[in-house]
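**Student:** Turn this into a structure:
(one chain, ligands or ions: 1)
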Amino acid sequence: MAVRKICIWPDPALSEIATKVEVVDASVQTLVQDLFDTMYEAHGVGLAATQVAVAQRALVIDLDPLGDAVQDSEYAEQLETWGFKGPQAFINPEIIASSGSIWWEEGCLSVPGITEKVKRFAEITVKALDAKGEVFELSASGLYAVAIQHEMDHLEGKVFVEYLSKLKRDVVKRKMLKLKTHTDDGVEAALT
Ligand code: NI
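**Tutor:** Sure thing, here's the model as predicted:
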């Protein structure tokens, strides 16, 4: 169990295109576990290996990181509608079907404090390997589909702010560089 350091955009590690995982061995399983630990520690709902400077095609998602669905039946129902069935690792994920489009207000642990609307496919079917190296397919919509697409972008070296206009992106970049300076000074960045 280990929490790794999350890279803050525009860290060059976030622009790396991740390579395919050839074998889901113990080191990949450790990576997946660390991604979960790091994501939970940062209160995120998704994290890609690229964000911890590991250029391998692996990501994790948990839309219910605090376990709220047990008490909140409305949220539990929502999660079910989106096709979410619990914490999931995706290794070498591929979108094999997609339809519709949806705008969603997105945030990113690598761009703390910033949220912006991004257009994504409304429904997707994804094929991937799980943490045991077994192939699975699942269909996702709503926030689940958005989160998977957001994390898969990270594997392509793409951060959601790159969908914004240059003007907006430059404003975000200045904020992040300032934040990075503070972080380097030992002041912890807010990652909520
Ligand atoms: Ni992100």
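**Student:** hang on, Gly113 packs against Lys175?
**Tutor:** Yes: counting by CB atoms under 8 Å, Lys175 is a contact partner of Gly113 at 7.4 Å. Quick note: C-beta positions are derived from backbone N, CA and C, even for glycine.
**Student:** distance between the helix or strand harbouring Lys168 and the chain's centre?
**Tutor:** If you go by DSSP states H and E, Lys168 is part of helix 166-184. In terms of CA atoms, centre = their mean, to the nearest Å, the centre of helix 166-184 is set 20 Å apart from its chain centre.
**Student:** Same question for stretch 102-116.
**Tutor:** The answer for stretch 102-116 is 10 Å, by CA atoms, centre = their mean.
**Student:** And the contacts of that stretch?
**Tutor:** Residues outside stretch 102-116 that contact it (CB atoms under 8 Å, 6 or more residues apart in numbering): 6-9, 11, 14, 39, 42, 44, 47, 51, 117-122, 142-143, 145-146, 150, 154, 159-161, 163-164, 168, 172, 175-176, 179, 189-192.
**Student:** Render the CA-only coordinates of that stretch in CSV, please.
**Tutor:** Extracted in CSV, the C-alpha atoms of stretch 102-116 (Å, rounded to 0.1, in the frame of the first residue of the first chain):
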residue,chain,number,x,y,z
ILE,A,102,-23.0,14.6,-23.1
TRP,A,103,-21.5,17.8,-21.5
TRP,A,104,-20.2,17.3,-18.0
GLU,A,105,-18.4,19.6,-15.5
GLU,A,106,-15.1,17.9,-15.1
GLY,A,107,-12.2,18.2,-12.6
CYS,A,108,-8.9,16.5,-12.4
LEU,A,109,-6.5,15.7,-9.6
SER,A,110,-3.7,17.0,-11.8
VAL,A,111,-5.4,20.4,-12.2
PRO,A,112,-6.6,21.0,-8.6
GLY,A,113,-9.3,23.6,-8.1
ILE,A,114,-10.4,23.8,-11.7
THR,A,115,-13.6,22.5,-13.2
GLU,A,116,-14.8,23.0,-16.8
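**Student:** Now it: average pLDDT?
**Tutor:** Here the mean pLDDT over stretch 102-116 is 94, rounded to a whole number.
**Student:** what do you get for stretch 57-74?
**Tutor:** The model assigns stretch 57-74 a mean pLDDT of 93.
**Student:** same question, stretch 137-151
**Tutor:** 97.
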